[in-house]
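A.B. asks: Any chance you could fold what I've pasted below:
(2 chains)
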Amino acid sequence: MFEAILLTVITASTPLVIAALGELVSERSGVLNLGVEGMMIMGAVAAFATAQLTGSPYLGILGGIIGGGLFSLLFGFLTLTLVANQVATGLALTILGLGLSGQIGEAFVGMPGVRLQPIVIPLLSDIPFFGRVLFSQDLIFYMSVALVFGISWFLFKSRTGLKMRAIGDNHGSAHALGINVVRTRYLAVLFGGACAGLAGAQLSLVYTPQWVENMSAGRGWIALALVVFASWRPLRVLAGGYLFGAVGIGQLHAQLLAQSGGIAIPSQLLSALPYVATIVVLIIISHNRRTTLINTPASLGKPFVPDR
Amino acid sequence: MIKGGSVSVSGGVEASPLLSVQGLTKLFGSFAACNSIDLNIGHGEIHALLGENGAGKSTLVKMLFGVLQPSAGTISWEGAPVVIPSPGDARKLGIGMVFQHFSLFEALTVAENIALSLDPKTPLAKIAEETATVSRAYGLPLDPSAHVADLSVGERQRIEIVRALLQNPKLIILDEPTSVLTPQEAERLFETLMRLKAEGRSVLYISHRLEEVQRICDRATVLRHGKVTGACDPRQETPASLARMMVGTEVAEVKRDSADALGDVLVQVNNVSVASRTPFAVALKDISLKVRAGEVLAIAGIAGNGQSELFDAISGEYPISDNDGILLRGKPVGRLRINGRRLLGAGFVPEERHGHAAVSAMPLSDNLLLARSRSDRKAFLSGGPLGILKRDAILSASRRICSMMDVRKSGEDPTAGSLSGGNLQKFIVGRELDRQPSVLVVNQPTWGVDAGAASRIRQALIDLAKAGSAVIVISQDLDEIFEVATTIAVISDGKLSDPYPAGELTLEQIGLLMGGIHESHAGVETADAH
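C.D. replies: Residues are numbered from 1 along each chain as shown, chains lettered A, B, ... in the order given. Got it, this is the predicted structure:
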């Protein structure tokens, strides 16, 4: 029972963690991309289609990453090169992604999917209680954990990560120091799109291995909330992602319990919980200038036009 | 990186100074910001660069640091002519710079901020270590792991100094370093400068504070209107003679007759002190003033000495805690906001035209209404609580102002942003004059305005006072001050001097007051000079 619940929580949380990590990198560089939902669903359909056509779920993963990444470049071109409003462009990207993926995926509706198989790690998977759950998972789960620590190292220990944080804090000063603001932001946006695409691939190759229109079902928005909830820190994204994932699973169980006449927790309340938690975190961060300055990328969402 | 403790002074050749500048000129269009400037800085010398706002100090320094390229003239470094195309090249030569307004990243730590401007190959841990070492060695205590957001302005300046020192410079340029420091922090900075000098490093110290310059500088070069007006040993000079070099000796023509009969006191400020709101703001210290009907009080001073803070307090943009601290026509208004004060008959013209005095994207009529919708509610709004705009009344008032002030515009009701600076300024001043305010407070009325518009605005201010209003003009332009003022006071470091009748004050005395030499001093020194 414990193992089964843990397994479902992991499967539900992994896409949230991955998509939020990508958005975290993008926002750390000062770009607010509200198109996570759209990039995720584009990744999902690209992954499913690639896996169907090649028969390989691993090529499917690659397809998802490329699909999400390419789609994010559209956002990058509009907001970084043409300096369009980031909020409006991000919303448009989500709407476009949901529509476009439905169109592309029409041919695949109802097809049985190719499931990504777990990789059992010898010895570690023999550890009692959690060994089997944690160490006989699919590749995407292992990637999500590697990403958490990799991004954490990159942002806080590497020189490039430092430059990225400097851009997110004050792009004018960063530009004056000779840091290429637009190029760095392009890379951050591309990375965010690739992560959202990978999260989408997890949905259509692991979570429910088939193509269903709108199958991202609002997870992109939860990932966006998760970045704020984690106050732009990768390790907190991991913790928060599992909390939000568990809430989602709890929501399913609450419905079952209510149907069988047990305890009646309104499922709407549970589904609102991630957003309520995010608002609480925002209030805590914003209560004074110091915590705001230290925790939030100060140039987030602000357009950058050099030499004006 | 700093390796040894000091810089080797090459071969003891006294003949070639560290930095030598000949005939350096910078033209912006036909305007010479720097005009054929000569400057020599020796090894181990603290050299002062003195001058008013707009004297050309910043332009000169930017050329030395590679931010701007000179139009003519040569820069020699250790005897050899050099071209400095960028700040990076200046650093390579051994020139470090500490700017007045530092561009630090608040979310990052001290060490991270320093790392961003250093050799990318140096690991962060090593930078943190060196930061700690250097900051200790020079008496500039800093915690490398502290977030900049948590630091005081003085500590932030230390980051900039340490950052410059880590590159082992032979010359450090400091731009108005004490303008943002407390007296204690300034003391500490002077000790650091003495240590740098003892090591054989040179310092170019930009300031307008005469006392400081006399205390710590070995030599001084004084600039006015882009030209060198003096090169001297400041210790051999009196504050009066330095001030004369800084502001000039020509006596301005006083056109006003200050013997006009003055009426009742309309504005009174009683011992108002205001703490600074932001790290770069100036605190107001015990300010008192009185302005009578028919009087124009001009407040002179170098930018950033508390002018905008004083304007905010008098206008009510930021009300003060002591309600009796400010009286308008005898009524205490300290806690009233700007509209409450307008309703008592006061008018205010803030410094920035765009974004503060006017919304650039809105037409003139809307800008008129935004300022006066409360104070002239009856004239411009109808329908009681509904507040329906009376378009015709607003437009005709806008036309009236434009013809009164001779505002040249394209079209019937153009946007504020489409007007030239001078014409918009005339409109903004006219917008207040149109109400015939009994009290008018104007901050930098003719800043960046062409000569024709400036004289139109000044005449309007004089006429308003003649008609029996009290006028306060805050300005950096001494010519303007002598043209409009009946009474002059000087603001320096948040303190306001006693008022002087315009006819009795010389430019030299104003220069002394602007340099922070206060009341009794100024009287004695000028007595000597005459």
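
A.B. asks: Dihedrals phi and psi, the closest residue to B:A467 other than its chain neighbours?
C.D. replies: Distances taken as Cβ to Cβ, 6 or more residues apart in numbering or on different chains place B:Q436 nearest to B:A467, at 7.5 Å, with adjacent residues excluded. All C-beta spots, glycine's among them, are computed from the backbone N, C-alpha and C. In terms of degrees, to the nearest 10, the main-chain angles of B:Q436 are phi 50, psi 60.

A.B. asks: any idea how far B:Q436 is from B:G304?
C.D. replies: Between B:Q436 and B:G304 the distance, using Cβ to Cβ, to the nearest Å, works out to 33 Å.

A.B. asks: excluding its backbone neighbours, what's nearest the residue in the stretch 101-250 of chain A positioned nearest to chain B?
C.D. replies: Proximity of the stretch 101-250 of chain A to chain B (Cβ to the nearest Cβ) peaks at A:S173, 3.9 Å away. Distance criterion Cβ to Cβ, 6+ apart; nearest residue to A:S173, sequence neighbours excluded, is B:S103 at 3.9 Å.

A.B. asks: Show me which residues of the stretch 51-200 of chain A sit near chain B.
C.D. replies: For the stretch 51-200 of chain A, the residues found near chain B under the criterion Cβ under 8 Å from any Cβ of the partner chain are A:157, A:159, A:162-163, A:165-166, A:168-170, A:172-174, A:176-179.

A.B. asks: Keep only those of these that are in helices.
C.D. replies: Counting by DSSP state H, these place A:K157, A:R159, A:L162, A:K163, A:R165, A:A166, A:G168, A:D169, A:G172, A:S173, A:A174, A:A176 in helices.

A.B. asks: In the stretch 201-350 of chain B, what residue lies closest to chain A?
C.D. replies: Across the stretch 201-350 of chain B, no residue is closer to chain A than B:T278, which sits at 10.3 Å (Cβ to the nearest Cβ).

A.B. asks: nope, the stretch 351-500 of chain B is what I was after
C.D. replies: Using Cβ to the nearest Cβ, the single residue of the stretch 351-500 of chain B nearest to chain A is B:H354, 14.8 Å away.

A.B. asks: Without its sequence neighbours, what residue ends up closest to that residue?
C.D. replies: B:S360 (4.9 Å).

A.B. asks: so who does the one you found touch?
C.D. replies: In this structure, B:S360 makes contact with B:H354, B:T415, B:A416, B:G417, judged by Cβ atoms under 8 Å, 6 or more residues apart in numbering or on different chains.

A.B. asks: and the first one, bridged to which residues?
C.D. replies: According to DSSP bridges, B:A358 are recorded as the beta-bridge partners of B:H354.

A.B. asks: any idea how far the residue lying closest to A:R165 once chain neighbours are set aside lies from chain B?
C.D. replies: Nearest residue to A:R165 in three dimensions, chain neighbours excluded: A:R28, at 5.9 Å (Cβ to Cβ, 6+ apart). Distance check for A:R28 against chain B: by Cβ to the nearest Cβ, to the nearest Å, it reads 10 Å.

A.B. asks: And A:R28, what's its pLDDT?
C.D. replies: Reported pLDDT at A:R28 in the predicted model: 97.

A.B. asks: shouldn't it be in contact with A:L162?
C.D. replies: No: A:R28 is not in contact with A:L162 according to Cβ atoms under 8 Å; the separation is 10.8 Å.

A.B. asks: who touches the helix or strand containing A:V87?
C.D. replies: With elements delineated by DSSP states H and E, A:V87 resides in helix A:86-105, which encompasses its position. When contacts are defined by Cβ under 8 Å, 6+ apart, helix A:86-105 is touched by residues A:31-42, A:44-46, A:48-49, A:71, A:74-75, A:78-79, A:211, A:213-214, A:220, A:301, A:303.

A.B. asks: likewise stretch B:337-344?
C.D. replies: B:S315, B:G316, B:E317, B:P319, B:L328, B:R329, B:K331, B:V333, B:F348, B:R372, B:R374, B:S375.

A.B. asks: got the contact list for the residue nearest to B:A467?
C.D. replies: Applying Cβ under 8 Å, 6+ apart, the residues contacting B:Q436 are B:L464, B:A467, B:S469.

A.B. asks: can we see that at 10 Å?
C.D. replies: Shown here is B:Q436, whose contacts under the criterion Cβ atoms under 10 Å, 6 or more residues apart in numbering or on different chains are B:G345, B:G347, B:L464, B:A467, B:G468, B:S469.

A.B. asks: Buried ones from the contacts of helix A:86-105, can you make that a PyMOL selection?
C.D. replies: With 16 or more other Cβ atoms under 10 Å in any protein chain shown as the burial test, the buried ones among these are selected in PyMOL as follows:
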select buried, chain A and resi 31+32+33+34+35+36+37+38+39+40+41+42+44+45+46+48+49+71+74+75+78+79+211+220+301
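
A.B. asks: So which of the contacts of helix A:86-105 belong to helices?
C.D. replies: A:36-42, A:44-46, A:48-49, A:71, A:74-75, A:220.

A.B. asks: what about the residue nearest to A:S173, which SS state?
C.D. replies: Using DSSP: H, G, I helix; E, B strand; the rest coil, the secondary structure recorded for B:S103 is coil.

A.B. asks: so it touches A:G172, yeah?
C.D. replies: Yes: using Cβ atoms under 10 Å as the test, B:S103 is close enough to A:G172 to be in contact (7.4 Å).

A.B. asks: Okay, now the unreliable bits of the stretch 201-308 of chain A?
C.D. replies: Low-confidence segments of the stretch 201-308 of chain A, defined by pLDDT under 70: A:254-264, A:307-308.

A.B. asks: before we move on, back to that, could you dump the ones in helices among the residues of the stretch 51-200 of chain A next to chain B to CSV with pLDDT, neighbour count and distance to B:F99?
C.D. replies: Supplementary listing: these in CSV, determined by pLDDT from 0 to 100; neighbours: other Cβ atoms under 10 Å in any protein chain shown; distance: Cβ to Cβ, whole Å:
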residue, pLDDT, neighbour count, distance to B:F99
A:K157, 91, 12, 29
A:R159, 91, 15, 24
A:L162, 94, 24, 21
A:K163, 94, 21, 21
A:R165, 96, 22, 22
A:A166, 95, 26, 17
A:G168, 95, 28, 22
A:D169, 94, 27, 18
A:G172, 87, 14, 14
A:S173, 86, 19, 11
A:A174, 89, 26, 16
A:A176, 79, 14, 10
